[in-house]
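*Asks:* Please work out how this folds:
(2 chains)
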Amino acid sequence: MEFIALLREVLAGEGGALVALVSAGAIHGAWQGHAEGRRRQFDTKAQQLILGLLTSSDPADAKAELERWPLAAQVRTLDLLERSLAGQASVAEEIARHLGLEQRALRLCSSRSWRSRLKGVRLASVWGGLAGLRGELLGDRHPLVRAEVASWSAGDLDPLSLRRLFSMLADRDGYSRFAAQDALLSAGRAIVEPLAEYLANVSVEAGNEAVVPCLEIAAAVADPRLLAPAFRWCGEAIVEARAAAARLVGTIGGEEAARKLQDLLEDPEGSVVARAAESLGRLRFWPAAGQLAGLLRSRQWEVRRAAALALRQLGSPGQILLRQALRDADAFAADMARQVLDLPPVVAG
Amino acid sequence: MEATGVPAWQPVAGLDWHAGGLLATATAAMKEAPALALVLTLTYFLAINAFYLVLLVMAALEMAAQRLRAEGRAGRRLLSSPVAPSISLIAPAYNEEVTVEESLRSLLALNYPNLEVILVNDGSRDRTMDVLTERFDLVPVHPIFRRVVESKPVRGIYRSKTFAPLVVVDKENGGKADALNAGLNLASSHLVCAIDADTLIELDSLLRMARPFIESPDLLAAGGTIRVANGCMVRHGRVVEAHVSRRPLEGFQTVEYLRAFLFGRLGWNRLGGNLVISGAFGLFRRDAVLACGGYQHDTVGEDMELVLRLRARGYESGGPSRVDFVPDPVAWTEVPETTRVLGRQRDRWHRGLADVMWRYRRACLNPRYRAMGLVAIPYFLFFELLAPPIEAVGLVGLAIGIATRSIDWSFVALFFAVAYGLGMILTVGGLLLEEFAFHRYSTWQDRGLLLLWAALEDFGYHQLTVWWRLKGLWKFLRGRRDWGAMERRGLGRPAA
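*Replies:* Down below sits the predicted model:
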């Protein structure tokens, strides 16, 4: 009977828990519905307010109106405002300061809790405030905060932020690395000199994580000033870096670059040779045709493929060598040559 | 619409409430050896429910952490970033002439910066290939690719003149695993997303799914949430309004899917043991899948088998072995509308589970495989695979108990009620996770329907699933490996 009494008590407890859970769901559902309605209402008001700001240079009315709104609506309005008044960040900043949002963001960013700092960064990034703090925040202890600041910095980098972003490329957290690489890429040609300096000075001990993303960014920028550091990495011990450098050299181009790529065709690593062959094909450097034809006999598929496609890109000299390779005693070379010669003219590979 | 004849093998992590079975086992056994039977039964009951509670708590913690990460500017930048990892989306199609155009257009419209869509026509006997050629302006190409994993011969490869990211592979029929292998050989991206051709993927799902791969380079695979599209409003290959079906069979499955994905698989993230990624929507590292030989042809549980093979290989070689579940990328699927088709599906899922458990029996309770060997595989073995026979034995015992009048009915009723209540708490907990994190079902009617189907599923529906799973187990023991036909009406189409 004791067991039955226990079951009864458990059952009563379960009943209570179920009522609580269902009630929580119902309250949340009702609150969500209410919040959604209010959000729509404030969004309409926000649009009117922004329209008013577009026609008037004095934001005093807007400030007075926004003061009466709840925090979430203020932030959403600033977000809309920042997007609508691109290039007039000062208006959004002035309003944010007036509403005390800047102080709030600053307080949150100085918190000991990373969640609060993240919240602060997200708040400040709505109107682009606290820009002076970004460099410092890029050195935050928590990777999520660093990643968020990096994304916020994209397109507007000061020297400290740049330094921090470069160091973030070797971050242990993948998301931080991604955000830093993305932010640097979005900076375009403005990063050429610091990038060249970084690539020239970073030590091999920093590892491929610190170098390969930079070489990839450099390849996207493809500025001749990056050729010297690219040459440096063509000769370093890190395989991934040599491969990325071969690609970079190919995107920059020039006689000197082509000669360096020819040297890389002798590299012991297949991935480096393949990237060098691809680059030579892209540069249409026909003096390398003989070397590329020799690579058709490589036992590495990646190298054979890259060499054959490069030969095809070279035009007539490459085509002749590919046809010769059809009769090659080496079955691998003949097969790859046949595959590439079979490609229809529109396919580049 | 069908994907290579049948949908993906996709166990909806059972989370069964063995009220009747356990009680009956207890009472029947008590007649012979009361104390021992009671102890064993209660131990099983407590163990399974304690585990579910742990899963629920873990899922809630994981949900909060993932929601925090998903917000913010950094996530939005992925959308336009040239450094986002490239994804090849592989969609096998078999006899899809009616729906293939709409499905493919919705796939090509997904928000992702570096996307390649590979549609594999798996030897369709209808006009699928003609429709593709006409509507997508296909031209034959001859890419040089390496056949790393085996597949049936490829008849032709085509690219679209109008949709640059589209590649169509026309091959001889070989089943879903074979079609995916053909796509894997052709894929050129770092990540591959395996889907069913009729899966409706939400616009931002790939962005959300790619995120954990950026965060953790050691991640091998990630799965997203599959939701039930029956009852929803579907337009142009997109779910525009989520609703819960009013039909019981589909409603029960909606509850099952929510429970299995939002609390089952999410909870496993924290316990280090995700074993299942749905074949309808999963993202994998291509090099890892190729290195372990691609999809297996000789199993009906090819997606679970692949996940276990990837993880086992990681543990054995000292390499990466992590597989995560990400709750917010959502794909919608059409679930069976008849008991006949549903029965075949569940029977096949259970055969797949049995097959995979047998193949990887070496990992069970083996510390070399860490959480997978010590927690996940034993769980799937004892609480998923063997749950139907345990429950069936219990039900038989209950019948005997009733016949011999050896059961104390007050005890029976009370025990039933307690077990049912616990099951309801866990289910409602899962539904609450949905409500708090996603709030997809925004009408009171839908919430009410969810609660109704949750409350009713233990009365008849659950027992049916036990029967189908038992059949699957029996067929597995007899060596059956066939898929069985899967019939679907087609999303967004009226019933015939």
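
*Asks:* give me the low-pLDDT residue ranges for chain B?
*Replies:* Applying pLDDT under 70 to chain B flags residues B:1-39, B:79, B:483-496.

*Asks:* secondary structure element for the closest residue to chain A within it?
*Replies:* Residue nearest to chain A within chain B (CB to the nearest CB): residue B:421, separated by 3.4 Å. In this view, the C-beta of every residue, glycine as well, is placed from N, C-alpha and C. Assigned by DSSP states H and E, residue B:421 belongs to helix B:409-437.

*Asks:* how far out from the middle of the chain is that helix?
*Replies:* Relative to its chain's centre, helix B:409-437 lies at 23 Å (CA atoms, centre = their mean, to the nearest Å).

*Asks:* send the alpha carbons of the helix or strand where residue A:147 lies over as CSV?
*Replies:* Taking DSSP H and E as the criterion, residue A:147 maps to helix A:143-153. Extracted in CSV, the C-alpha atoms of helix A:143-153 (Å, rounded to 0.1, in the frame of the first residue of the first chain):
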residue,chain,number,x,y,z
PRO,A,143,35.4,34.2,-29.3
LEU,A,144,31.7,35.1,-29.9
VAL,A,145,32.3,38.7,-28.8
ARG,A,146,35.5,38.9,-31.0
ALA,A,147,33.6,37.5,-34.0
GLU,A,148,30.7,39.9,-33.5
VAL,A,149,33.1,42.9,-33.3
ALA,A,150,35.0,41.7,-36.4
SER,A,151,31.8,41.6,-38.4
TRP,A,152,30.9,45.0,-37.1
SER,A,153,34.3,46.4,-38.1
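
*Asks:* next structured bit after that helix?
*Replies:* With secondary structure assigned by DSSP H and E, helix A:143-153 is succeeded by helix A:159-168.

*Asks:* name the helices or strands packed onto the helix or strand following that following helix?
*Replies:* The helix or strand immediately downstream of helix A:159-168 is helix A:174-186, counting by DSSP H and E. When contacts are defined as 3 or more CB pairs under 8 Å, 6 or more residues apart in numbering or on different chains; DSSP states H and E, helix A:174-186 sits against helix A:143-153, helix A:159-168, helix A:208-221, helix B:73-77, helix B:205-215.

*Asks:* repeat that with 6 Å
*Replies:* Contacts defined by 3 or more CB pairs under 6 Å, 6 or more residues apart in numbering or on different chains; DSSP states H and E place helix A:174-186 against helix A:143-153, helix A:159-168, helix A:208-221, helix B:205-215.

*Asks:* Pull the contacting residues for the residue of chain B closest to chain A.
*Replies:* residue A:14 (CB atoms under 6 Å, 6 or more residues apart in numbering or on different chains).

*Asks:* 8 Å - rerun?
*Replies:* A:10, A:11, A:14, A:15, A:18 (CB atoms under 8 Å, 6 or more residues apart in numbering or on different chains).

*Asks:* Can you show me the helices along the stretch 101-250 of chain B?
*Replies:* Applying DSSP state H, counting those that start in this stretch to the stretch 101-250 of chain B gives helices spanning B:128-136, B:176-186, B:205-215, B:248-258.
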